[in-house]
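*Asks:* predicted model and sequence follow; I will ask about them next.
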Amino acid sequence: VGGAESRLIVRDPVVAELSLPRFLAPGDSAHLALSLHNTEGDAGEYRLALTAEGAARVGADHALRYTLAAGERKLDRVEIEGLDEGVATIAADLSGPGGYTLHREWQIAVRAPHYPIALEQTAMQAPGEAFRIDAEKLKPFIRGSVSVSLGYSAFAGIDVPSLLQSLYRYPYGCTEQLSASAFPLVYFNDPAMLGPLPPDAGVTLRVQQAIDTILDRQDAEGQFGLWHAGDGQASPWLNVYAVDFLMHAKDAGFLVPDAALLRSYSWVGQAIRRIGESNDGAYANAPDATRAYAAYVLARAGRADIGELRRMHDTAQWAVLANGAISPASVHWGRGQGDDSLAAPLSLGHLAGALSLMGDHARAHSAFALALANLELPRYPRWWFHQLYYSETRDIAGLIAVAAESGEAQTAATLLDRFGGRSLSAESLNTQEKAALLAAAHALSSDAHARSLSVNGKETSALKLPAAFAPGLVEIERGYDVVNTSERPLWRTLVVRGAPKQAPSAMERGYWLSRRYFRLDGTPVDPAHLVQNDRIVVSLTGRAQDDNDHRTVLVDMLPAGWEIEAPVTREQEYAFLGPLSKPQIVEARDDRFVAAFDLGDDFEKGRRHRWWRYTERNDAEPQLDRDEFSLAYIVRVVTPGRFALPAAVVEDTYRPGVMARTDAGATTADAR
């Protein structure tokens, strides 16, 4: 019995290596280092042939011939150029003395330097009417980035395919965003509904990954964090929302451990009974909103208290009375009169759904009436939005889903009419609104009327709605025609999505954003001309331009050839930057810098509650205002060449369109 070890070298006798950047953009040109090393091959002349397929081309301005002695290493330079969005495969074929051959391949992604945009057009298509996709709509986009989706639905304005695709592509991942983006995919898990996305098991995988990530954020007591377990930033209302998603996912056959759900049930049951205790999030201002939602979720699990549900309904109904007369659109919880007790429409809908599930249909019908009344409120408490994720669209759609599932068909039909004339474009909605609209569409999907379409002369009978088509660019250029051959009208939504060929201009729409560049000693530097191995600090500062609270995400896409070394977290190390924000999450990705943080008065109070009580602050030192932000990171210029310099973008994750964008540009890096 014993042991021994020895080294074994596995390598080519003559090594050929190409140093690639992590990515490129269309139009970028990079100088690549080519290394050849004769480790054990014969001495003599070696020839290298480089080819590229796909989204890039590669070449050199001289013959790639090298005379290598035994053990000799030689360096050379070749150039690669990005052509179109996609993936390029670069092949190297080396030949030399004694019949020596070597084949190597590398792949590199070519991604657009500008944020994708979407053009959306919704219209009713009457029986017998024909529609052709206009190929001119594709010209403003980089060809390889374009995707086209043509969706048909029985519901006016609820474009199921576009909403699903939008959630499938959603790039951010707090617990609310993961839950909301994966929630509808639990039921709309037909890959065909995802249009141009790959028709594979990606939907199922997407949902299961969301489940696993959310469960990783659950602590031993059953509470979820917003970004990680124990961070204390996920409100009780959001915890209930996550449990709701996990329950639906388990019912649909996804893997959700029973133990995790039992821990959540226990935590929710305890949290909604802690009325007098201080707590962050929705529970601090509106315990009844959380309680109503929790009751609805627990009722689905058979764990709700019918006596408590009746008490909530009866006391809320009393609060409608004002000076002896019924005052519509002013339902409060527990006879209250202030903003803190005002009942959100969807919360009243959750109460109605819970009562219906527990068998009290009379009170359920009454609670739905109260929910409809509170949709007429002329104004809403500001904290509803960031603590209950409120919006009128979200609440109407959520009420449709609850009403349809509870058998309140007339209520659902009344609410559906409210979408008339309302903009429901996927690009203008947040994750909560998209998920609620899809829940409403799923609840209303019992329409059994036969539909049929003719696509380029081919009949599709007994069409299942909603339906989506994803024609390719070649098909559209040849002519893509769809005729409604059924006897009923259909709602058609055309979405063209892609990266624009021209860089969009800088803009301010609710935020102000500035991007500056410094050397490590604080000296300003012009990014238009740099040298390989330069290290610079990228500073991103700005502020919200109103007094609202904002859940904010900041994204700064890198030029190809730059690599992030590290985010700057200690302002003492770079005093010229001034005070820095403390974001909830910071990510240094291969091609971009991402940070998420909150701005506003109420979020500031929450931060004080969570960590200022444990941290001594010197009020004499400069501090950021509650609506200001400042972040920074260090990059190294790794690859010489000419590259697009994308714009930095800041946006409110729950108010699409509230954003700011810097100018885009170009940067050149000389070889050192």
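*Replies:* Perfect, thanks for sending it.

*Asks:* does residue 82 have beta-bridge partners, and which?
*Replies:* Note on residue 82: beta-bridge partners by DSSP bridges are residue 56.

*Asks:* any idea how far it is from residue 21?
*Replies:* 10 Å (C-beta to C-beta, to the nearest Å). C-beta here means a position set from N, CA and C on the backbone, and glycine is covered the same way.

*Asks:* okay, those two: which has more neighbours?
*Replies:* residue 82 (28 against 25; other C-beta atoms under 10 Å).

*Asks:* coming back round to it: and for residue 82 and residue 21, which residues touch both?
*Replies:* residue 560 (C-beta atoms under 8 Å, 6 or more residues apart in numbering).

*Asks:* next secondary structure after whichever helix or strand residue 649 is part of?
*Replies:* For residue 649, the host element (DSSP states H and E) is strand 648-652. Following strand 648-652 in sequence order, the next helix or strand is strand 659-661 (DSSP H and E).

*Asks:* what is that following strand packed up against?
*Replies:* strand 507-509, strand 511-519, strand 648-652 (3 or more C-beta pairs under 8 Å, 6 or more residues apart in numbering; DSSP states H and E).

*Asks:* buried sites along the last one?
*Replies:* Translated: strand 648-652. Along strand 648-652, these residues count as buried under the neighbour rule (16 or more other C-beta atoms under 10 Å): 648-652.

*Asks:* go through those and say which is closest to residue 662.
*Replies:* When those are compared for distance to residue 662 (C-beta to C-beta), residue 648 wins out at 4.7 Å.

*Asks:* do I have it right that the closest one meets residue 661?
*Replies:* Yes - taking contacts as C-beta atoms under 8 Å, residue 648 lies within contact range of residue 661: 7.2 Å.

*Asks:* flag the shaky bits of the stretch 351-500 of the chain, pLDDT-wise.
*Replies:* Along the stretch 351-500 of the chain, segments meeting pLDDT under 70 span 420-423, 445-450, 462.

*Asks:* can you give me the strands in it?
*Replies:* 453-455, 458-460, 467-469, 481-484, 490-498 (DSSP state E, counting those that start in this stretch).

*Asks:* quick revisit: can I get the buried residues of strand 648-652 in TSV with pLDDT and distance to residue 547?
*Replies:* TSV is the format used below for the buried residues of strand 648-652 (pLDDT from 0 to 100; distance: C-beta to C-beta, whole Å):
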residue	pLDDT	distance to residue 547
648	96	24
649	95	22
650	96	17
651	94	18
652	92	14
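
*Asks:* for the residues you listed, give me JSON lines that also has distance to residue 256.
*Replies:* Formatted as JSON lines, the buried residues of strand 648-652 follow (distance: C-beta to C-beta, whole Å):
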{"residue": "648", "distance to residue 256": "38"}
{"residue": "649", "distance to residue 256": "35"}
{"residue": "650", "distance to residue 256": "35"}
{"residue": "651", "distance to residue 256": "32"}
{"residue": "652", "distance to residue 256": "31"}
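
*Asks:* quick check: the farthest pair among those?
*Replies:* Top of the distance list for the buried residues of strand 648-652 (C-beta to C-beta): 648 and 652, 15.3 Å.

*Asks:* list the buried ones in stretch 509-528?
*Replies:* So stretch 509-528, judged by 16+ other C-beta under 10 Å, has buried residues 510-511, 513, 515, 517-518, 527.

*Asks:* between all of those residues, which two are separated the most?
*Replies:* Longest span within those, C-beta to C-beta: 510 and 518, 27.3 Å.

*Asks:* I'd like the average pLDDT over the helix or strand containing residue 242.
*Replies:* Per DSSP H and E: residue 242 is located in helix 236-251. Mean pLDDT, helix 236-251: 91.

*Asks:* who touches it?
*Replies:* Helix 236-251 is contacted by residues 175-176, 179-180, 182-183, 186-187, 207, 211, 214-215, 223-224, 226, 234, 256, 260-261, 264-265, 267-268, 271-272, 279, 281-283, 289-290, 293-294, 297, 300-301, 387-389 when judged by C-beta under 8 Å, 6+ apart.

*Asks:* then stretch 402-409?
*Replies:* Contact with stretch 402-409 is made by 296, 346, 349-350, 352-353, 356-357, 364-365, 368, 411-412, 415, 440, 443-444, as judged by C-beta under 8 Å, 6+ apart.

*Asks:* find the centremost residue of this structure, please.
*Replies:* The chain has residue 170 as the residue nearest its centroid, 2.6 Å off, counting by C-alpha atoms, centre = their mean.

*Asks:* what's the closest non-adjacent residue to that one?
*Replies:* residue 181 (4.5 Å; C-beta to C-beta, 6 or more residues apart in numbering).

*Asks:* for that neighbour, grab the count of nearby residues.
*Replies:* 25.

*Asks:* host element of it?
*Replies:* Per DSSP H and E: helix 175-182 holds residue 181.

*Asks:* could I get the full set of helices for the stretch 551-672 of the chain?
*Replies:* 601-607 (DSSP state H, counting those that start in this stretch).

*Asks:* low-confidence ranges in it?
*Replies:* Residues of the stretch 551-672 of the chain that meet the cut-off, pLDDT under 70, sit at 602-621.

*Asks:* how about a cut-off of 80?
*Replies:* 601-622 (pLDDT under 80).

*Asks:* can you give me the strands in it?
*Replies:* 562-567, 585-588, 592-599, 628-637, 641-645, 648-652, 659-661, 665-670.

*Asks:* leaving out the residues flanking it, which one is nearest to residue 89?
*Replies:* residue 53 (4.9 Å).

*Asks:* pretty sure the one you found is touching residue 88, no?
*Replies:* Yes - between residue 53 and residue 88 there is a contact under C-beta under 8 Å: 6.9 Å.

*Asks:* the two: which has the busier surroundings?
*Replies:* residue 88 (23 against 13).

*Asks:* bridging residues for the more buried one?
*Replies:* residue 54, residue 108.

*Asks:* for it, what are its contacts?
*Replies:* 24, 52-56, 82, 107-110 are the contacts of residue 88 under C-beta under 8 Å, 6+ apart.

*Asks:* burial of residue 555, as a residue count?
*Replies:* Neighbour count for residue 555, taken as other C-beta under 10 Å: 21.

*Asks:* run through the residues that contact it.
*Replies:* 592-594, 648-650.

*Asks:* one step back: among the contacts of helix 236-251, name the buried ones.
*Replies:* Buried among these (16+ other C-beta under 10 Å): 175-176, 179-180, 182-183, 186-187, 207, 211, 214-215, 223-224, 226, 234, 256, 260-261, 264-265, 267-268, 271-272, 279, 281-283, 289-290, 293-294, 297, 300, 387-389.

*Asks:* right, and residue 649 touches residue 658 too?
*Replies:* No - between residue 649 and residue 658 there is no contact under C-beta under 8 Å: 11.7 Å.

*Asks:* where's the nearest residue to residue 298 once chain neighbours are set aside relative to residue 358, distance?
*Replies:* Nearest non-adjacent residue to residue 298, counting by C-beta to C-beta, 6+ apart: residue 304, 4.5 Å away. From residue 304 across to residue 358, the span is 6 Å (C-beta to C-beta).

*Asks:* got it, and residue 590?
*Replies:* In terms of C-beta to C-beta, residue 590 sits 51 Å off from residue 358.

*Asks:* in terms of neighbours, single out the busier of these two.
*Replies:* A direct count of neighbours by other C-beta under 10 Å for residue 590 and residue 358 places residue 358 higher, at 19 against 11.

*Asks:* SS state for residue 533?
*Replies:* Counting by DSSP: H, G, I helix; E, B strand; the rest coil, the backbone at residue 533 sits in coil.

*Asks:* which residue is the nearest non-sequential neighbour of it?
*Replies:* That would be residue 672: by C-beta to C-beta, 6+ apart, it lies 5.3 Å from residue 533.

*Asks:* what's the spacing between the closest residue to residue 491 other than its chain neighbours and residue 402?
*Replies:* Spatial nearest neighbour of residue 491, chain neighbours left out: residue 153 (4.9 Å); criterion: C-beta to C-beta, 6+ apart. When distance is defined by C-beta to C-beta, residue 153 is 21 Å away from residue 402.
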